[in-house]
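**Q** here is my input, please return the structure:
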Amino acid sequence: MPRSRLLRVAAVWVAATLFGLLVAATTRIGPIVASLSYNHGVHLGDLLAFAAAYLVAAAVTVSEFERHQNRK
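**A** Predicted structure coming up:
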């Protein structure tokens, strides 16, 4: 696989992680599903944001690998 595609895939995963962290840091959507300390916790919205972002990143990854396989 060309280096540019690998960099694109890596960038998508980094962006997905940053998106999830941004949502987690700036919102309090849904109930707390895991308490980290007395005033910090993981909300359901945080998990959904990470799931959506990682689903998109996984789709991009699969797409890039399939395009590479089809060119052989």
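**Q** would you confirm that residue 28 contacts residue 41?
**A** No. Contact status for residue 28 versus residue 41: not in contact, 9.0 Å apart, counting by Cβ atoms under 8 Å. Every C-beta, even on glycine, is put in place using the N, C-alpha and C of the backbone.
**Q** what about stretch 49-67, distance to the chain center?
**A** Chain-centre distance of stretch 49-67: 8 Å, with Cα atoms, centre = their mean, to the nearest Å.
**Q** buried residues in it?
**A** Across stretch 49-67, burial judged by 16 or more other Cβ atoms under 10 Å covers 49, 50, 53, 54, 57, 60, 61, 64.
**Q** which helices and strands does the lengthiest helix in the chain pack with?
**A** Counting residues, the longest helix found in the chain (DSSP state H) is helix 44-70. The contact analysis (3 or more Cβ pairs under 8 Å, 6 or more residues apart in numbering; DSSP states H and E) places helix 44-70 against helix 3-26.
**Q** other SSEs contacting the helix it packs on?
**A** So helix 3-26, by 3+ Cβ pairs under 8 Å, 6+ apart, packs with helix 44-70.
**Q** next one: the helix it packs on to chain centre, how far?
**A** Taking Cα atoms, centre = their mean, the mean C-alpha location of helix 44-70 is offset from the chain mean by 7 Å.
**Q** likewise for stretch 65-72?
**A** Worked out by Cα atoms, centre = their mean, stretch 65-72 lies 23 Å from the chain centre.
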